[in-house]
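# attaching a predicted model along with its sequence, questions to come.
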Amino acid sequence: MNKFPVMLAVVAGLFAAADVAHGQSSYGVALGLERIENPSLLSTSPGGATILRVEPSYALETQGDRTRSRLSLGAVLERSSNTALVSSRNYPSLGYTWGYSWPTSGLELRANLAESTTRNTELEELGRITVDSRERLVVVGGRWSQELTARTQLALDLSNTRVSYDSTLLDDYREMQVSSRVSWEASERLVYFFEPTFARLEASGAATETTRRRWLAGLRGEPVTGWALTSFVGQAKTSGPMSATGNVGGVQLAYDGNRLTSGFEWLQDVEPSAATNTYVRTESLALRLGYRVTEGATLSASLTRSQSDGTSGSRGQVSSLALDKELGSQWTARIGLDARESRVVGAASGSGMAIRAVLFYAHPGR
């Protein structure tokens, strides 16, 4: 089914509801060429493909006395030289957020549609490459926030997510999630929070549903100037075909200096899996380092590792090196290199690499 007429109808309705006269718009486009070797990360490489990619984007923001809204439109247009390994596809995206504020409370409603490729999402989230498939994500939700005291705030969040694929090897699923967060501001630089969450997963073709109950307790602060820290611990319990109880947690540390930027992130959680129709235990580690070589030129390096447990457990790794160069007030160029690895439990490992050159154009909002 062609989704573009439906998207255009939705966009027309959103434009009619927005106060365009008081809006601020911005747009941009990226043009890139990428060479990918062994994109499926098989144990024996079948070769590679050259991808021509165009990424246009547009955003419209409006602001009133108490209301605000943001409309974003985008797409990724890919053309492959070897469709047997990488399909030529178009990946549209559409997002709309509307908010209303009272003196001590606020309401936010949001809806998003985004498409991507499992070449990226499966490796980033679960540490594996399954098939070259289209992943469509539709999210509808809302958030209510309320100040309980001068330093204490309560937030309630509800979301409904539908994920579908164009491959019969992956099962579509829907996840409904309800969460709340109580945060207490101990000082200007330190905030404590407690967050309980309930989620229910309904997978296509599965006879039973899976639920997840999780709680987190943590802190968010700025230990010293330039450093930002978020840390939390908790426990998650899943019920269904693969019931389990385990600890979860995470640490996020970032530094932003005059020339040097760095980041560290470690997360342990349970996430939905389209391959097993249930929640699986996952762990991820990310290291980032950036250095401003000259005015307008930045060299960056990153390492990310992700893994998932269970019968189809996998481990994946991506090492990246990139150089960004400002060519003017609105133009930026990037040259990058990625090295990828993946290992499935009980199977041989595979590796591949990608080289890309991208040219960005961004027009600031006005």
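That came through fine. Numbering: from 1, shown residues only.
# the residue nearest the centre of the chain in helix, strand or coil?
Centroid check for the chain by CA atoms, centre = their mean gives Thr121 as the closest residue, at 8.5 Å. Assigned by DSSP: H, G, I helix; E, B strand; the rest coil, the conformation of Thr121 is helix.
# report pLDDT for it.
On the pLDDT scale, Thr121 is placed at 78.
# that one - nearest residue in space that isn't next to it in sequence?
Using CB to CB, 6 or more residues apart in numbering and skipping residues adjacent in sequence, the residue nearest Thr121 is Glu135, 5.5 Å away. All C-beta atoms are positioned from the backbone trio N, CA, C, and that covers glycine.
# number of residues surrounding the one you found?
As a burial measure, Glu135 scores 21 neighbours (other CB atoms under 10 Å).
# for it, give the beta-bridge partners.
Under DSSP bridges, the beta-bridge partners of Glu135 are Ser116, Tyr165.
# coming back round to it: roughly how far does the residue nearest to the centre of the chain sit from Val163?
9 Å (CB to CB, to the nearest Å).
# shared neighbours, the two?
Common contact partners of Thr121 and Val163 (CB atoms under 8 Å, 6 or more residues apart in numbering): Glu135.
# wait, Ser80 touches Arg119, no?
No: between Ser80 and Arg119 there is no contact under CB atoms under 8 Å: 11.3 Å.
# looking at the two, which one has more neighbours?
Taking neighbours as other CB under 10 Å, Ser80 and Arg119 compare with Arg119 leading, 23 against 20.
# and that one, how far is that from Arg134?
For Arg119 relative to Arg134 (CB to CB), the value is 10 Å.
# next one: Thr104
For Thr104, the distance to Arg134 - CB to CB - is 44 Å.
# show me where the stretch 201-350 of the chain has strands.
Here the stretch 201-350 of the chain has its strands, by DSSP state E, counting those that start in this stretch, at 210-221, 227-239, 244-256, 260-273, 278-294, 297-308, 314-326, 331-344, 349-363.
# now the angle from the second one to strand 244-256?
With axes from the mean of the first three to the mean of the last three CA atoms, to 10 degrees defining the directions, strand 227-239 sits at 170 degrees from strand 244-256.
# cool, and the fourth one?
Here strand 260-273 points in a direction 160 degrees away from that of strand 244-256 (the same axes, to 10 degrees).
# now strand 260-273: buried residues?
261, 263, 265-273 (16 or more other CB atoms under 10 Å).
# cool, thanks, signing off.
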